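Trainee: Dropping a prediction and its sequence here:
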Amino acid sequence: MKKHTLRIILSVTLVAAVMCGCAKKPASVVVDPSGEPVVSTMPSEDVAGYGNGSMSDQATGDGSGYGMGTMGDGTVAGLNRIFFEFDQFTLTPEARDILAKNAEYMKANTGLRVRIEGHCDERGSDEYNLALGERRASATKNYMVSLGVDSDRLTIISYGEEMPLDPGRSESAWSQNRRAEFKDAR
Amino acid sequence: MKTLSRLITAVVTLAGIWTSPAFAQIEISAPGQQAIPLALTRFLPLDGVVRPQLAEDLNQVLEADLDLSGLFTLVDPESFLGDANRLGLSSVEVDFGQWRLLRADALIKGGYAVQGDQLTLEARLYDVVGRRQLAGRRYIGKVSDLRRMGHTFSDQILKSMTGEAGPFNTRIAYISNRTGHKELYLMEVDGHNPVRITDHRSIVLNPDFSPRGKELIFTSYKASNPDIYRKETYSGREAKVSAQKGLNIAARYRPDGQEIALTLSRDGNSELYLIGTGGTIHKRLTDAWGIDVDPTWNPNGDQIAFVSDRQGNPHIFILDVVTGQVRRLTKDGKYNATPAWNPKGDRIAFSRLEGGRFDIFTINPDGSDERRLTFGPGNKEHARWSHDSRFLVYSSDEDGKRGIYIMRADGSGSRRVSPAGGDCSHPAWSNEW
């Protein structure tokens, strides 16, 4: 080990490291003319929570007061959920029967405003399921509107596969999860 | 935000670039094919103070990385002779004859010293046959940086052996529900040091790393709609990027980091759009009946593979961003999803539902040479590439709970990396960290 050379290089490195301490990438600082040692600085470990043993856990709040805990409540008693086939958003005859009753309930309760949530089972691309859930909610809304419910009273949102009714991993669980729900949006 | 104490690490590369023709032959695109016998010795104290735990931890980091690389077979440490216990690190001090006797072609030796909370690590890689040092690095930092130093040396070992650095000093972002809510986490490639970086207490989904910095974009229902947010991991700063009516999902930075492809449903149907990093809509990319989601960029940033059901079942299509032309990529299967174009540009990974289960496949961008990578129980989805295109990270529920796994690009060497507790999914792999 060439201690003398090394000491010089290390002190150069320290000075350079202080100067370019904000560098994101390792920066080559010195190339020894003899072609031997190459000195470089490494970036600091600047992920919150790495390197200092503590983690940043800033309270960003929810902003909406609308967390998982309150979801699942707010279901309107007179409105029943409907179910779909795998990768489908077409309404089954059973679903149409339920929606007809839901539409009558909406027309009888004119103050009611409803958010239709589209859901999927867990299989498949999460993003595809978000889009599929939106289509289910949209198909549901459109049918209700065709039955005479004012479209302004119905909003839609998709939760994709994120909020299963049954967390199980079987066809019986999945069939429960492919659904549209009606939530009080007043 | 707490200011982090700055680590200053000096790395000293000794001796010029190696030029061993034997190692120059290694085929980097086929990991696992030509394993090199490598002896990984336990690092020794430079100052005489033995720290068994430190040496053990470092050994585990290096061993796991080298094993995952598939480039090496490790020589049994039980067979090591006297040189394994001698500190002499210069190539004239190493007894290469002993290592040849054990049929090792490559050798790793090193030493450590701790002063207060400062750690110095000397790490060397030798070509046993050529009796020369291939890589020599000195790392100086905090004791808590030990694992990072190990991963960085693993990257260096791959660079010395193949000309291309490994992806071990990187981060994997993923979604976990261990708090009861789906939140965004970061961990090291081997699952160590998981850190939660969102506190939305809602639903956080599908992260993507900025190619240019330590920040991520992701979907969150924080404001009661699936919107896109951006978060700086170093400052904790967060901003809403896209909050159009309806879906704002599946956002992916273009490889130059200047624009983002994503799915919006603002016009009543889910379509792909191009937005600026501030959220301004630049261009609508698709106009088709059906669902268009899950964009992934080619390395040039002029083509996007994505999922669409425009021809019936969900399949992978490729869009030419300039001409707007779309062609179908996958022909087989009834449900293909979550494509990921590799950074080299020559393979696209995706998952296919077959026999009730999802498995991961790869295919050439021209539709040829489709290969199935995963088998056995469970669903494997959400594959993403390492920056060197050597490895894939993905989610699997083969153990009952969803976890994050890593395998080589040919499907070999799969292993669970995510920590226990909660379901983990939707990994994303950072560039060099």
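Mentor: Great, that's in hand.
Trainee: CA only for contacts and neighbour counts going forward, please
Mentor: Will do.
Trainee: quick one, strands of the stretch 1-150 of chain B?
Mentor: B:9-13, B:36-40, B:44-45, B:72-74, B:106-115, B:118-127, B:132-142 (DSSP state E, counting those that start in this stretch).
Trainee: what's the closest of those to B:Thr362?
Mentor: strand B:72-74 (24.3 Å; Cα to Cα).
Trainee: now what about that closest one, what contacts it?
Mentor: B:32, B:34-40, B:66-67 (Cα atoms under 8 Å, 6 or more residues apart in numbering or on different chains).
Trainee: Most neighbours among these, which one?
Mentor: B:Ala39 (27 neighbours; other Cα atoms under 10 Å in any protein chain shown).
Trainee: Please verify my assumption that that one contacts B:Ser79.
Mentor: No: contact between B:Ala39 and B:Ser79 fails when scored by Cα atoms under 8 Å: they sit 10.0 Å apart.
Trainee: Could you spell out which stretches of chain B belong to which domain?
Mentor: Following automatic domain parsing, one gets these domains for chain B: B:21-162, B:171-429.
Trainee: Out of those domains, indicate the one that is most buried.
Mentor: domain B:171-429 (a mean of 21; mean count of other Cα atoms under 10 Å in any protein chain shown).
Trainee: Give me the average confidence score over that domain.
Mentor: For domain B:171-429, the mean per-residue pLDDT is 96.
Trainee: Which stretches in the stretch 101-250 of chain B count as helices?
Mentor: Along the stretch 101-250 of chain B, counting by DSSP state H, counting those that start in this stretch, helices occupy B:146-162.
Trainee: Chain A contacts on that one?
Mentor: Residues of the stretch 101-250 of chain B lying near chain A by Cα under 8 Å from any Cα of the partner chain: B:144-145, B:181, B:193, B:195-203, B:214, B:222-225, B:233-236, B:246-247, B:249-250.
Trainee: So which of those belong to strands?
Mentor: Among these, DSSP state E puts B:195-196, B:249-250 in strands.
Trainee: returning to that earlier point: lowest average pLDDT across the strands of the stretch 1-150 of chain B?
Mentor: Among the strands of the stretch 1-150 of chain B, strand B:9-13 scores lowest, with a mean of 33.
Trainee: By mean pLDDT, flag the weakest helix or strand of chain A.
Mentor: Ranked by mean pLDDT, DSSP states H and E, the weakest helix or strand in chain A is strand A:27-31, scoring a mean of 31.
Trainee: in the sheet, who's paired with the closest residue to B:Thr330 other than its chain neighbours?
Mentor: Nearest non-adjacent residue to B:Thr330, counting by Cα to Cα, 6 or more residues apart in numbering or on different chains: B:Ile316, 5.5 Å away. In this entry, B:Ile316 is beta-bridged to B:Val307, by DSSP bridges.
Trainee: now swap in the one 4 residues further on and tell me
Mentor: Under DSSP bridges, the beta-bridge partners of B:Asp320 are B:Gln303.
Trainee: what about it, distance to chain A?
Mentor: Applying Cα to the nearest Cα, to the nearest Å, the value for B:Asp320 to chain A is 21 Å.
Trainee: List the buried residues in stretch A:140-157.
Mentor: Across stretch A:140-157, burial judged by 16 or more other Cα atoms under 10 Å in any protein chain shown covers A:140-141, A:143-145, A:149-150, A:153-157.
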